[in-house]
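*Asks:* Okay, sequence plus prediction incoming.
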Amino acid sequence: MVIVQPHTMKILLFALCSCFFLHVQTENIDRYAYCESCIIAAKEFEKEMQEAPVESRQALVDDLISEVCNRLNSHKQFTKDKLTTACIQLFDSHYDQFHAALLSHEPDRLDVVLCYEKSTACVGIKRHSFEDSKIPFTDDYIENLLQNHKDNVRITQPIHSSSKDEL
């Protein structure tokens, strides 16, 4: 008979649980492509579901899930093949969660529901590059920003070490 120490049992239990709750994603798929395929698929779902009547949602969801990955087009960073592969892997591993979410949620912000809550495909992914969000912070731009939002701007007064009464 083998006697297992309590701390060894805890380590084994932790390792087993960790493997069960790990995010399912194959090693050869880029995390950014995985996220982007989810976002594009969710937008496709939103577009199709908004145009369809509520009564036909069940059949529409079944059809869309089976064919949405083939509808993905190339993106500025990824080829169509890479996005399709990532999408197929995503839907294979999260089919039940996506199916239930699509039937129960309204077709608004499905990208958040599917890609952040149900699959966590985009959690931790920075989708916009620095170049995309670069704003020219010139003096005129900052001055206009301060003028347009002057109700929200607070100018602080410096604390001088010589005046102890102010503290």
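*Replies:* Noted; the coordinates are in hand. Numbers count the residues shown, from 1 in each chain.

*Asks:* quick one: stretch 93-103 to chain centroid distance?
*Replies:* 16 Å (CA atoms, centre = their mean, to the nearest Å).

*Asks:* Please apply the same query to stretch 74-84.
*Replies:* Relative to the chain's own centre, stretch 74-84 is displaced by 18 Å; criterion: CA atoms, centre = their mean.

*Asks:* which other residues reach it?
*Replies:* 29-30, 32-33, 36-37, 40, 69-70, 72-73, 86 (CB atoms under 8 Å, 6 or more residues apart in numbering). Placement of C-beta: from N, CA and C, glycine included.

*Asks:* could you redo the last one with a cut-off of 7 Å?
*Replies:* Contacts with stretch 74-84, where a contact means CB atoms under 7 Å, 6 or more residues apart in numbering, come from 32-33, 36-37, 40, 69-70, 72-73.

*Asks:* Quick check: the two most widely separated of those residues?
*Replies:* Y32 and N70 (20.7 Å; CB to CB).

*Asks:* of those two, who's got more company?
*Replies:* Y32 (17 against 10; other CB atoms under 10 Å).

*Asks:* Give me the buried positions along the longest helix anywhere in the chain.
*Replies:* Counting residues, the longest helix found in the chain (DSSP state H) is helix 80-104. The neighbour-count criterion (16 or more other CB atoms under 10 Å) identifies 82-91, 93-94, 98, 101-102 as the buried residues of helix 80-104.

*Asks:* Let me know the closest of those to V54.
*Replies:* Using CB to CB, those come closest to V54 at L102, 12.5 Å.

*Asks:* That closest one and L83, how far apart?
*Replies:* From L102 across to L83, the span is 20 Å (CB to CB, to the nearest Å).

*Asks:* what does D151 give?
*Replies:* Distance from D151 to L83, by CB to CB: 44 Å.

*Asks:* Equivalent analysis for V68, please.
*Replies:* 11 Å.

*Asks:* List the residues that contact the spatially most central residue of the chain.
*Replies:* The chain has C122 as the residue nearest its centroid, 3.1 Å off, counting by CA atoms, centre = their mean. Contact analysis of C122 by CB under 7 Å, 6+ apart lists 35, 38-39, 115-116.

*Asks:* helix, strand or coil for N73?
*Replies:* Look at N73: counting by DSSP: H, G, I helix; E, B strand; the rest coil, its state is coil.

*Asks:* Revised request: answer the last question for R154.
*Replies:* Under three-state DSSP, the three-state class of R154 is coil.

*Asks:* which ones are touching it?
*Replies:* Contacts of R154 by CB under 7 Å, 6+ apart: none found.
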